[in-house]
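[1] This is a predicted model, with the sequence first.
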Amino acid sequence: MTEPAIAARGLRKSYGDKKVLDGIDLTVPGGTVFSLLGPNGAGKTTAVKILSTLVTADAGELRVAGHDLAADPQAVRAAIGVTGQFSAVDGLITGEENMLLMADLHHLSRKEGRRVTGELLERFDLVEAAKKPAATYSGGMKRRLDIAMTLVGGPRVIFLDEPTTGLDPRSRHNMWQIIRELVTGGVTVFLTTQYLEEADQLADRIAVLDGGRIAAEGTAEELKRLVPGGHVRLRFTDPVAYRAAAPALPGATRDDESLSLQVPSDGSQRDLRSVLDRLDSAGIEADELTVHTPDLDDVFFALTGSAAAIPAQPKENVR
């Protein structure tokens, strides 16, 4: 079997009496996006710093890009790229000069550095701004330049620590597309984010970190199934149909004011068909049907109990 791009067993880190990471296990297959979710202070950034060799773990067996983190940290550094929450771009020099500086740091020849710089500036749509001071760039442009700089050394694994923090929705979506393209090219992305939609959109697997431990791990759909609360909401305009529908749907919760019924459901096609079949058998037709399934907001709150996160917004699909 192919070795995982990132593997951690029993990762621990404390600062004084505070356990930041309390024996976490992580496995990230190559060429995938792995997202680490958690409230502020959960240890996400600490995990990134340890796996990218910036901080030493107290304990744990750690391998990144096929190299043992403790035995050969230099080999790990040569195989990874890191983009933190705050831009590493030097605003006093141009975008092109920032790129060439990274090429020098990676010991590329002058010719190779200029070739790689040109390709990445074009790839990240920064050619027109290349000769301008980076201080004049928008937030989205600086983040694109930041990731372009990270790619100069051709990393196989990239750590993105809250890469879209502070970006407007359009810039955030542009960044998502860049991340998808990186993975298509075979790069492994380890992503930390507080935007739950971001993890839902991008991640092949998600781990929820809380209190220094992994509270749950799986695909977005697997995590959503951990949380109860899915339901189908049926609304009627005819009071007679509404009153007749209630006995046909055992377990339904009534709302006499809005003439609506809420039926527990996992949102699956089979479950929806069962609800509709019961209505058909009773000769009743609802005027509106909406489905609510738990989303990552619900998962986040259920697993972390965080009151600091943005309140969950139910996502309902009208059918």
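    Nice, I can see it.
[2] contacts, neighbours, all on C-alpha from now
    Noted.
[3] how near is Lys132 to Val76?
    33 Å (CA to CA, to the nearest Å).
[4] check contacts around Val82.
    Residues in contact with Val82 (CA atoms under 8 Å, 6 or more residues apart in numbering) are Ser52, Thr150, Ile158, Phe159, Leu160, Asp161.
[5] More neighbours: which of Lys132 and Val76?
    Under the criterion of other CA atoms under 10 Å, the comparison of Lys132 against Val76 puts Val76 first, with 24 against 17.
[6] ranges for the strands of the stretch 1-150 of the chain?
    6-15, 18-28, 33-37, 59-64, 67-68, 80-83 (DSSP state E, counting those that start in this stretch).
[7] my bad, the stretch 201-319 of the chain
    Using DSSP E, counting those that start in this stretch, strands in the stretch 201-319 of the chain cover 205-210, 213-218, 231-235, 253-255, 260-264, 288-292, 316-318.
[8] Where among those strands is average confidence lowest?
    Of all the strands of the stretch 201-319 of the chain, the minimum mean pLDDT falls on strand 316-318 (a mean of 38).
[9] what does stretch 146-158 contact?
    Against stretch 146-158 from outside (CA under 8 Å, 6+ apart): 5, 65, 78-83, 87-89, 98-99, 102-103, 106, 116-117, 120-121, 124, 186-190.
[10] likewise stretch 214-223?
    24-25, 199-200, 203-209, 296, 299, 303-304.
[11] Same check on stretch 246-265?
    Residues contacting stretch 246-265 (CA under 8 Å, 6+ apart): 229-237, 239, 242, 271-272, 275, 278-279, 282.
[12] Which parts of stretch 111-126 count as buried, going by neighbours?
    Gly113, Arg114, Val116, Thr117, Gly118, Leu120, Leu121, Phe124, Leu126 (16 or more other CA atoms under 10 Å).
[13] give the contact list for the last one.
    It stands for Leu126. Gly95, Met141, Leu145.
[14] since we're on the second one, how many residues are nearby?
    Pointing back at Met141 there. 19.
[15] what sits against it?
    Contacts for Met141 were tallied using CA under 8 Å, 6+ apart; they are Leu126.
[16] picking that back up, so can I have JSON lines of the contacts of Leu126 showing distance to Ala248 and pLDDT?
    Formatted as JSON lines, those follow (distance: CA to CA, whole Å; pLDDT from 0 to 100):
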{"residue": "Gly95", "distance to Ala248": "66", "pLDDT": "95"}
{"residue": "Met141", "distance to Ala248": "57", "pLDDT": "91"}
{"residue": "Leu145", "distance to Ala248": "59", "pLDDT": "93"}
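[17] Among these, which are located in helices?
    Gly95, Met141, Leu145 (DSSP state H).
[18] From these, pick the one nearest Thr290.
    Met141 (39.5 Å; CA to CA).
[19] Dump the strands of the stretch 201-319 of the chain to CSV, plus distance to Ala70 and mean neighbour count.
    Output for the strands of the stretch 201-319 of the chain, formatted as CSV (distance: least, CA to CA, whole Å; neighbours: other CA atoms under 10 Å):
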stretch, distance to Ala70, mean neighbour count
strand 205-210, 23, 23
strand 213-218, 22, 18
strand 231-235, 49, 22
strand 253-255, 57, 14
strand 260-264, 50, 23
strand 288-292, 47, 18
strand 316-318, 48, 12
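[20] what about the helices in the stretch 201-319 of the chain?
    220-224, 239-248, 269-281, 296-304 (DSSP state H, counting those that start in this stretch).
[21] Which of those comes out lowest on mean pLDDT?
    helix 296-304 (a mean of 84).
[22] That helix to strand 33-37, inter-axis angle?
    60 degrees (axes from the mean of the first three to the mean of the last three CA atoms, to 10 degrees).
[23] From the contact counts, what lies against helix 296-304?
    Packing contacts for helix 296-304, counted by 3 or more CA pairs under 8 Å, 6 or more residues apart in numbering; DSSP states H and E, involve helix 196-202, strand 205-210, strand 213-218, helix 220-224.
[24] Export the ones you listed as CSV, with columns for distance to Leu167.
    Output for those, formatted as CSV (distance: least, CA to CA, whole Å):
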stretch, distance to Leu167
helix 196-202, 12
strand 205-210, 22
strand 213-218, 27
helix 220-224, 23
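[25] list the contacts for Ile50?
    Thr56, Ala57.
[26] what mean pLDDT does the longest helix belonging to the chain have?
    If each helix of the chain is counted by residues according to DSSP H, the longest one is helix 169-184. The average pLDDT within helix 169-184 is 90.
[27] The chain should start at 794 in everything you say after this.
    From this message on, residue numbering opens at 794, which makes the last subject helix 962-977.
[28] who does the very next helix or strand once past that helix touch, helix- and strand-wise?
    Toward the C-terminal end, the helix or strand that comes next after helix 962-977 (DSSP states H and E) is strand 981-985. For strand 981-985, the packing partners by 3+ CA pairs under 8 Å, 6+ apart come out as strand 826-830, strand 950-954, helix 962-977.
[29] Perfect, that will be all.
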